[in-house]
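A.B. asks: Structure of the sequence below:
(chains A, B, C and D)
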Number of protein chains: 2
Amino acid sequence: MTLPHPTADQISLPIVLAVLGDPTRLSIVRYLARKEGVPMNCSKFLDLASKTNLSYHLAKLREAGVTRSEAVGTSRLITLRRDDLDRRFPGLLDSVIAAADGDKDLPAVGVSAIEVSA
Amino acid sequence: MTLPHPTADQISLPIVLAVLGDPTRLSIVRYLARKEGVPMNCSKFLDLASKTNLSYHLAKLREAGVTRSEAVGTSRLITLRRDDLDRRFPGLLDSVIAAADGDKDLPAVGVSAIEVSA
DNA sequence: CCAATTGTTCAATAACTTTTGAACTAAGGA
DNA sequence: TCCTTAGTTCAAAAGTTATTGAACAATTGG
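C.D. replies: Next up, the predicted model:
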C-alpha cells in the first residue's frame, strides 16, 4: 500500500464509472476479478497495452479506488478493492464484472501464449 | 422513438459506463429513475446545464442506449431504458442509481424553485 | 400569419485523456 | 559491481469530450 490510494469514503461514483468506462481498464478489472485473491503484477497485462500506457491505466484504477497496488521488491501487486467498493456501492462491482464477462468485444488478457486454462 | 437509438444488443458496457461517468448525466439518470414512468422533457434539467449543453448530454445518453427520447410536438419525452438495460446488464442500473442516490456531490435537479416535494 | 416555445445543429474553443518514447529509479541476481 | 528486471516519470503529440453562442427548424397559440 505504498502508493497513494483514496480512503474508502473518498471513492467517488462518477470517477469509478468513468474509469471503468474504458475497455483496457475494464479488461484489467475483469481479469483481477476472475483471479480474485491472487495478486497480479503489471506484466500480466502487457498484451493490453505498452508498459508505459499500462502504468497510466493502472494508476487511474488505483487513484479511483478500484484497485490496490502494493510495492513488493521491484513489482507491484495489484488487487481489486472489492471490500471497499462493495461497502460503498453495493452490487455495482458484481454487476459490472458479470456484464464484462459476457462482453465479446473487450480485449482479453493472457490469450497470447501458453496460458490455456489456469 | 423518432431519434436514432441503438437496439438493445447494440448497447455497449464500456460506453454506458463512460456515459454514466459524468456528474451531469448521472444526475439526469438519477432523476429519471426517481420519477420513473413519468416522461420528462429537457427543460426539466435546465438547472444542470445550458440548453445547448443539455442537448449534447441528452444525445450522449440516448446514443449510449441509456435513455429513450420520443419527439412529441416540440418537446422530447425522455425515459430510462430500464427494460433493455436490465436485460443486457442485470443489476447494473439499480446499483448505479442506488449509489447515485447516496451521492451528496451530484448536482440536484429541481432544487431551484417551487418544486418542494412532487 | 406572427410570435413564442422547445429543442437541434454548427463551428469554435477550451479542457481533458490517451498514447508514445526516452530517461529514470530501485531491487535482485551473477 | 554490473546487469537485468519491473515499473515510474516526464514532456510532447494526438485524440476526444465538453462548453459556448449564434443560427436554425418545427410546433403551437393568439
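A.B. asks: Flag the shaky bits of chain A, pLDDT-wise.
C.D. replies: Low-confidence segments of chain A (pLDDT under 70): A:1-2, A:111-118.
A.B. asks: where do the helices sit along it?
C.D. replies: Counting by DSSP state H, chain A has helices at residues A:13-20, A:23-34, A:51-64, A:82-88, A:92-101.
A.B. asks: deepest of the ones you listed, which one?
C.D. replies: Of all these, helix A:13-20 has the most neighbours on average by mean count of other C-beta atoms under 10 Å in any protein chain shown, namely a mean of 23. All C-beta spots, glycine's among them, are computed from the backbone N, C-alpha and C.
A.B. asks: Taking chain A, what residue is nearest to DNA strand C?
C.D. replies: Going by C-beta to the nearest atom of the strand, DNA strand C is nearest to A:G73 of chain A, at 2.9 Å.
A.B. asks: measure that residue to A:N41 for me?
C.D. replies: 10 Å (C-beta to C-beta, to the nearest Å).
A.B. asks: out of these two, which sits in the more crowded spot?
C.D. replies: Using other C-beta atoms under 10 Å in any protein chain shown, the more surrounded residue of A:G73 and A:N41 is A:N41, with 14 against 7.
A.B. asks: Ramachandran angles for the more buried one?
C.D. replies: Per-residue torsions, A:N41: phi -100, psi 160 (degrees, to the nearest 10).
A.B. asks: Ok, which of the helices of chain A comes nearest DNA strand D?
C.D. replies: Nearest to DNA strand D among the helices of chain A is helix A:51-64; the distance by C-beta to the nearest atom of the strand comes to 3.1 Å.
A.B. asks: Alongside DNA strand C, which residues does chain A contribute?
C.D. replies: Neighbours of DNA strand C within chain A, by C-beta under 7 Å from any atom of the strand: A:18, A:22, A:24, A:49-50, A:52-53, A:56-57, A:60, A:73-74.
A.B. asks: if we go to 10 Å?
C.D. replies: Applying C-beta under 10 Å from any atom of the strand, we find that chain A lies next to DNA strand C at A:2, A:15, A:18-19, A:21-25, A:48-57, A:59-60, A:71-75.
A.B. asks: Keep only those that also lie close to DNA strand D.
C.D. replies: The residues of those that also fall near DNA strand D, by C-beta under 10 Å from any atom of the strand, are A:2, A:18, A:21-22, A:50-57, A:59, A:71-75.
A.B. asks: so who does the residue nearest the centre of chain A touch?
C.D. replies: Note on chain A: the residue nearest the mean C-alpha position is A:V29, at 3.3 Å, using C-alpha atoms, centre = their mean. When the contact criterion is C-beta atoms under 8 Å, 6 or more residues apart in numbering or on different chains, the partners of A:V29 are A:20, A:61, A:66-67, A:80, A:96-97, A:100.
A.B. asks: ok, of these, which one's closest to B:D86?
C.D. replies: Distance ranking of the contacts of A:V29 against B:D86, using C-beta to C-beta, places A:V96 first at 14.3 Å.
A.B. asks: Would you mind measuring from the closest one to B:S12?
C.D. replies: Taking C-beta to C-beta, one finds A:V96 at 13 Å from B:S12.
A.B. asks: same check, this time on A:V109
C.D. replies: A:V109 is 19 Å from B:S12, by C-beta to C-beta.
A.B. asks: Got phi/psi on the closest residue in space to A:L77 that isn't next to it in sequence?
C.D. replies: Using C-beta to C-beta, 6 or more residues apart in numbering or on different chains and skipping residues adjacent in sequence, the residue nearest A:L77 is A:P39, 3.7 Å away. For A:P39, the backbone dihedrals are phi -70, psi 140 (criterion: degrees, to the nearest 10).
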